[in-house]
Each structure stands twice: as structure tokens, then as C-alpha cells.
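Student: Structure for the following, please:
(chains A and B)
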Number of protein chains: 2
Amino acid sequence: MGRTSNAKEKLLEAALDLIWERSYGVVTIDAICEKAGVKKGSFYYFFESKSALAVAALEADWNECGKQKWDTLFSASVAPLDRIRDFFKHVYDSQAELQKEHGQVLGCPCFSVGSETSTQDETIRLKVQEILQRQIRYFESAIRDAQAGGSVPPGDAAAKAKCLFALFEGSLGQARIQNDLEFLRILPESALGMLGAAAAHTSS
Amino acid sequence: MGRTSNAKEKLLEAALDLIWERSYGVVTIDAICEKAGVKKGSFYYFFESKSALAVAALEADWNECGKQKWDTLFSASVAPLDRIRDFFKHVYDSQAELQKEHGQVLGCPCFSVGSETSTQDETIRLKVQEILQRQIRYFESAIRDAQAGGSVPPGDAAAKAKCLFALFEGSLGQARIQNDLEFLRILPESALGMLGAAAAHTSS
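Tutor: Below is the predicted model of the structure:
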């Protein structure tokens, strides 16, 4: 705590928190430095711009937090439809916790920042795209396993994964805009319904 | 053209175009005035802030453009599943045109601005929420009619409409972030699949 060697990590964390809670455009480098307790000179030692910091913060969040969660929830040891159901339940719980903490459903930082900046900042857009495409592959793999096991009808697993991901991100976006968890509460059932799961309400 | 009495309309149009193409945060009042060809003094005669202009621009876009399109595409004279299918085809065509014109899929201005500003600007958030809720009602009504006619299974039409809307907005968001129309091309089929339409590929 307070050691210079932590400055980079503190900047990454402060940037993600502020941008997620507010928006990319509205958060200044000064505000990030202040939240991180790091001097502006140190900022420019580590990052050449706010854009470079945002890219690094999104990647660090995936590596240090996101990937492990997705790996666990989408473990091949779990029945394929249970992976999807459990993942969406986890999303609901996390967003409920964020709402308690911040008074606001925050949604997905990648999707929000991506939608905000994609027409103007190609490096952020490419990083967001890369992370979202990693995530889609978990859906794709689970759908393919579900198809192989007969718990959902056959079909183009890649296309179905894209749809499921759009439903997921759209639900998070709606939940953020309306500050309403209802969109996420109904997500597990709708997701399984969308995949044509024989019994969307029961365990696979 | 160039008449003072058009200044307000020009500001509304310029604001929507710029914010949609870029983002709310990055667009300045100066840039809006410049694009509209209107002096800054006139801006403050009509609007007290950028936020007030954004709210008015979203509402004007709905009243002068959006509502009529939705009314036509969701006409009760059209078979309920055809309304949904035709609407999504229209969305694909519009976004393909925007991509040609701007080099970029732009997605939905309401959803993008809403996601960007919802945690910081309550007046924009409420306006976006109001417009999105109007749109969800078209889906709800079409789903209820489809259920009554037996072309989709019964169930909670309001919840299904929320899901369908999340799929729609999520697909638009992905298409914007990835600058890829594929998410919208597969939308009609996935939407009908999600609703459990007996034959998602054929006309209802």
C-alpha cells in the first residue's frame, strides 16, 4: 500500500472503476490519478494516454478477474446447460451486489466502453472486440457440448453463441440504463428457451 | 435553409447526428453549433445545456422519424411474426446503409447514449428509458397477438418482449462495437427461434 511499485496496478484499478461507474469520456486523467493516489508524472511514466490506460485496464481485469470466473463457471466438468444457467445466475448476483454498493446496476464495462468509444478510438475498439470474442467462445463451446449431448437441438453453434451473447450484453445494457435487475433475473430462462432447451426450467 | 426559425431544428438534428456517430461525452456544444451553422448565443436561447439538447434531440427523433417507422412495421394489419421479422430486416437494411455512409455500423442512438450517461445524467436516463419502454410495447403487442393466433407458445408476453428487446439492443451494440452486420443478419431467425415460433424460417 502506498509503495511506488504499486502505482501501475492502482492506476489500472482506479481507471476501470471510474470508467465503469461513469463513462470513458467523462473521466479525466486527473480523476484517475487522484483515486489511485498516484502523481500525474507517474501516470505518464506508465501510460502514454487515457486510451492506453483503458486498454491496459480492460486487459488486466480480464486476466486477473474475468478469465478465472469464466473458466470456473464454464468448466467442462459441469453439464453444458448448467454452465450457461450458473453463469447468468452469477451475473445477476454480481450486478445485484454492484447495485447495493453503487446505487446503480453497472452492466458490463467492456460493452459500455466499447459502445461509447468504438467509432472514435480504434485501439480501445480492438481490445474490447478481442475480449468479447474470447467470451463468446465459452458460449459456443457450451452450446456445442449441449448439442452433442442432445439437450438442445443441433444447428450452427457459432451463430447461436453470437445470439446468446447479444441477449446477454443487451440485458446487461438494459439493466444499466433502467437500473433494473429484472432483465437479468429472467435471463437464465430466456437463454435456455432461446437455445431450444427441452426443459428450460429444470436442470439439464 | 439558413432562416433563424430553423435554428432549433438544425441544432436538434446536428446533436443527434454527432452524438450518434461519436458519443455524448466527446461532442461539444461548439461542435454542434458549427455543424448546425448556428451561433452559440442561439443555442442558449433554445437549450440550457448539452444535456437538455440531447433529451430534446432523442424525443424529436422519435416523434419525427422513429414512431412512424415502428407504427408502419408493427401495423396490426400484418401477421404478428411478420411484424417482428420485417422490423429486424428493416434494422439490418438501415444499419447497412449507415455503414456505407459513415464507414461504421452505428447501432441505436438511444441505447448508446443511455449506456454512456445513465449513471451520471438522470434526465437523459429517464428520456432514454421512456423511449425504450415505448419500443418494448410494440414487441409485447406483437408477441401477444402471435400467442393468440397460436404461432408461438403461450407465456408471459411482457417478459418475452423484454428478452426480445435485449436481444435486439445487444445485437445492435455488438454490431456497432465490431462494425459487423452479421449480428443483425441472423437476428430475424434468432428472434423467432427465441419466441418458439413453430417454423422460424418460413412466413407466419
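
Student: Can you give me the distance of residue A:90 to residue A:8?
Tutor: Using C-beta to C-beta, to the nearest Å, one obtains 29 Å as the distance from residue A:90 to residue A:8. Heads up, the C-betas are built off the backbone N, CA and C, glycines and all.

Student: Give me the more crowded residue out of those two.
Tutor: Comparing residue A:90 with residue A:8 by other C-beta atoms under 10 Å in any protein chain shown, the one with more neighbours is residue A:8, at 19 against 14.

Student: Check the gap between the more buried one and chain B for me.
Tutor: Distance of residue A:8 to chain B, given as C-beta to the nearest C-beta, to the nearest Å: 25 Å.

Student: Helix or strand: which one has that residue?
Tutor: Using DSSP states H and E, residue A:8 falls within helix A:7-21.

Student: which other residues reach that helix?
Tutor: If you take C-beta atoms under 8 Å, 6 or more residues apart in numbering or on different chains as the criterion, helix A:7-21 is touched by A:27, A:31-33, A:35-38, A:42-43, A:46-47, A:50, A:53-54, A:56-58, A:60-61, A:102, A:104, A:106, A:109, A:112-113, B:119.

Student: next SSE after that helix?
Tutor: Remark: after helix A:7-21, the chain's next helix or strand is helix A:29-36, criterion DSSP H and E.

Student: Buried ones in that following helix, by neighbour count?
Tutor: Buried positions in helix A:29-36, judged by neighbour count with 16 or more other C-beta atoms under 10 Å in any protein chain shown: A:29, A:32, A:33, A:35, A:36.

Student: Pipe the residues you listed into CSV and attach distance to residue B:171 and pLDDT per row.
Tutor: CSV is the format used below for those (distance: C-beta to C-beta, whole Å; pLDDT from 0 to 100):
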residue, distance to residue B:171, pLDDT
A:29, 34, 97
A:32, 32, 97
A:33, 38, 97
A:35, 34, 97
A:36, 36, 97
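
Student: Just put those in CSV and tack on distance to chain B.
Tutor: Below are the buried residues of helix A:29-36 laid out as CSV (distance: C-beta to the nearest C-beta, whole Å):
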residue, distance to chain B
A:29, 14
A:32, 15
A:33, 19
A:35, 16
A:36, 20
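
Student: and the longest helix anywhere in chain A with chain B, contact?
Tutor: Ranked by number of residues, the top helix in chain A under DSSP state H is helix A:122-149. Yes. Counting by C-beta under 8 Å from any C-beta of the partner chain, chain B is contacted by helix A:122-149 at A:125, A:128, A:129, A:132.

Student: If you count contacts, what does that helix end up packed against?
Tutor: When contacts are defined as 3 or more C-beta pairs under 8 Å, 6 or more residues apart in numbering or on different chains; DSSP states H and E, helix A:122-149 sits against helix A:50-61, helix A:67-73, helix A:80-102, helix A:109-117, helix A:157-178, helix B:157-178.

Student: so which of the ones you listed gets nearest residue A:138?
Tutor: Nearest of the helices and strands packed on helix A:122-149 to residue A:138, taken as C-beta to C-beta: helix A:67-73 at 5.4 Å.

Student: roughly how far is that closest one from the heart of the chain?
Tutor: Averaged C-alpha coordinates place helix A:67-73 at 12 Å from its chain's average position (C-alpha atoms, centre = their mean, to the nearest Å).
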